[in-house]
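Student: Sequence and predicted model, in that order:
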Amino acid sequence: MKKWMAVMMAAVMAVSAAGCGGTSAETDTTAASGTEAADTAADASAAGDDGADNSDGAENSDAAGNGGAEDGADAGSDKVYQIATDITFKPFEFENDNGEMVGIDLDLLKAIAEDQGFTYELQVVGFNAAVMAMETGAADAVIAGMSITPERQELYDFSDPYFESGVGCAVLSTSDATDYSDFAGKQVAAKTATEGCRFAESIADEYGFTVVQFDTSAMMYQDVLAGNSVACFEDYPVMGYEISQGMDLKLLDKLEASNNYGIAVMKGENGELLDMINAGLANLKASGEYDAIIGTYIQD
Ligand code: GLN
């Protein structure tokens, strides 16, 4: 085994030993492998600048003409909210050819902030890291194609749902696998702290496979493409989008753990931000801008 591979494997094993829940320690472990950490930090600061710039000029909440916005303004119109997101979760967040972070989540966030007159900085850190940032107070909210689940609702307050999703399973396009039982004795890939990971872990014993975890979707897909893992579990709209863009995987005909995406804040905190997000989301839905943003990325 090549040395870089061994280092990466060690990082991955350390992560997978800890289950799907995710902790700051897990994030550190994987960052130490050095594969994504530098990029992530660069992305975070670059995108953070963009986020702030994008929302400049939308500071006058009166212009939004909306009760929610005025509450937000009373709470401090000079506040710059820290919003954490995933690194690559297409088409919800990803870097475009111009090096800008775009996608359904980020376009919605920008439009909501403009509508409601608040400013924000984006932290592009990865899904698990985004949730950790919110839990430790480093971020005010997470927008990352985050599924609203009963377990999470114990800890976080979610915005109104904005996208229907669920977990799917993808295998190499050349694979003969049709059922989870085809994975017996083999390894499957999942992304740390996600619903895909939780689902894979929940059926691992029944079907006799092991789950290996990655911090980014890109690394997870790569493990399947390289033949190390026989399958991966991740939200089907995301894998469907990647496959439509040429990723050499195919989806099994199974949809699990149906859920909706919501924007999260810590429970009982940042209520004024959540009110603005919900008011903005409702305005975007009413004006047709919500449909236009979805239509930019998904054409059916
Ligand atoms: N929707 C999934 C979850 O909330 C995955 C989110 C993501 O990977 N960004 O767990």
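Tutor: Looks like it came in fine.

Student: other SSEs contacting the lengthiest strand in the chain?
Tutor: Ranked by residue count, the top strand of the chain under DSSP state E comes out as strand 163-172. Identification of packing neighbours for strand 163-172 by 3 or more CB pairs under 8 Å, 6 or more residues apart in numbering; DSSP states H and E yields helix 195-207, helix 217-225, strand 231-235, helix 236-244, strand 249-251, strand 256-261. Quick note: C-beta positions are derived from backbone N, CA and C, even for glycine.

Student: Could you tell me which residues of the stretch 201-300 of the chain lie near the ligand?
Tutor: Contact residues (CB under 6 Å from any ligand atom) of the stretch 201-300 of the chain with the ligand: residue 235.

Student: Pretty sure residue 98 sits in a helix.
Tutor: No. Assigned with DSSP: H, G, I helix; E, B strand; the rest coil, residue 98 falls outside any helix and is coil.

Student: and it, backbone torsions?
Tutor: phi -90, psi 10 (degrees, to the nearest 10).

Student: do you know how far it is from residue 261?
Tutor: Distance, residue 98 to residue 261, by CB to CB, to the nearest Å: 25 Å.

Student: which one of the two has more residues nearby?
Tutor: Neighbours per residue, other CB atoms under 10 Å: of residue 98 and residue 261, the larger number sits with residue 261, 24 against 6.

Student: Can you show me the strands along the stretch 1-150 of the chain?
Tutor: Taking DSSP state E, counting those that start in this stretch to define them, one finds strands in the stretch 1-150 of the chain at 80-85, 94-95, 101-102, 119-124, 141-142.

Student: which neighbours does the fourth one have in its sheet, and in what orientation?
Tutor: Here the strand partners of strand 119-124, with direction, are listed using DSSP bridges: strand 80-85 (parallel).

Student: what are the ranges of the helices in the protein?
Tutor: In the chain, the segments counted as helices under DSSP state H are 3-16, 24-31, 37-55, 61-64, 67-74, 104-116, 127-135, 150-155, 195-207, 217-225, 236-244, 271-287, 289-297.

Student: How about the stretch 1-150 of the chain, which of its residues are in the neighbourhood of the ligand?
Tutor: With CB under 6 Å from any ligand atom as the criterion, the stretch 1-150 of the chain meets the ligand at residues 86, 89, 127, 144, 145, 146, 147.

Student: nearest spatial neighbour of the second one, skipping sequence neighbours?
Tutor: Leaving out its chain neighbours, the residue that sits closest to residue 89 by CB to CB, 6 or more residues apart in numbering is residue 145, at 5.0 Å.

Student: again, but for the first one
Tutor: Leaving out its chain neighbours, the residue that sits closest to residue 86 by CB to CB, 6+ apart is residue 144, at 4.1 Å.

Student: Now do the same contact list for that neighbour.
Tutor: Neighbouring residues of residue 144 by CB atoms under 8 Å, 6 or more residues apart in numbering: 84, 85, 86, 89, 92, 93, 105, 127, 130.

Student: go on, residue 232?
Tutor: With CB under 8 Å, 6+ apart, residue 232 has these contacts: 169, 170, 188, 189, 190, 196, 220, 221, 223, 224, 239, 249.

Student: In this protein, where is pLDDT below threshold?
Tutor: The chain contains residues with pLDDT under 70 at 1-18, 22-77.

Student: Could you rerun that using 50?
Tutor: Where the chain drops to pLDDT under 50, the residues are 1-18, 23-75.

Student: Can you give the domain ranges for the chain?
Tutor: Domains of the chain are assigned by automatic domain parsing as 37-162+262-297, 166-259.

Student: possible to save the ones you listed as JSON lines with distance to residue 19?
Tutor: Converted to JSON lines, the domains of the chain look like this (distance: least, CB to CB, whole Å):
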{"stretch": "domain 37-162+262-297", "distance to residue 19": "12"}
{"stretch": "domain 166-259", "distance to residue 19": "7"}
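
Student: Hmm, residue 292 and residue 104 touching each other?
Tutor: No. Applying CB atoms under 8 Å, one finds residue 104 not in contact with residue 292, separated by 11.0 Å.

Student: Looking at those two, which one has more neighbours?
Tutor: Neighbour count, other CB under 10 Å: between residue 104 and residue 292, residue 104 has more, with 25 against 12.

Student: Would you mind measuring from the more buried one to the ligand?
Tutor: 12 Å (CB to the nearest ligand atom, to the nearest Å).

Student: residue contacts, that residue?
Tutor: 91, 92, 163, 293, 294, 296, 297, 298.

Student: Can you tell me the closest non-neighbouring residue to it?
Tutor: Leaving aside its sequence neighbours, residue 104 is closest to residue 92 (4.9 Å, by CB to CB, 6+ apart).
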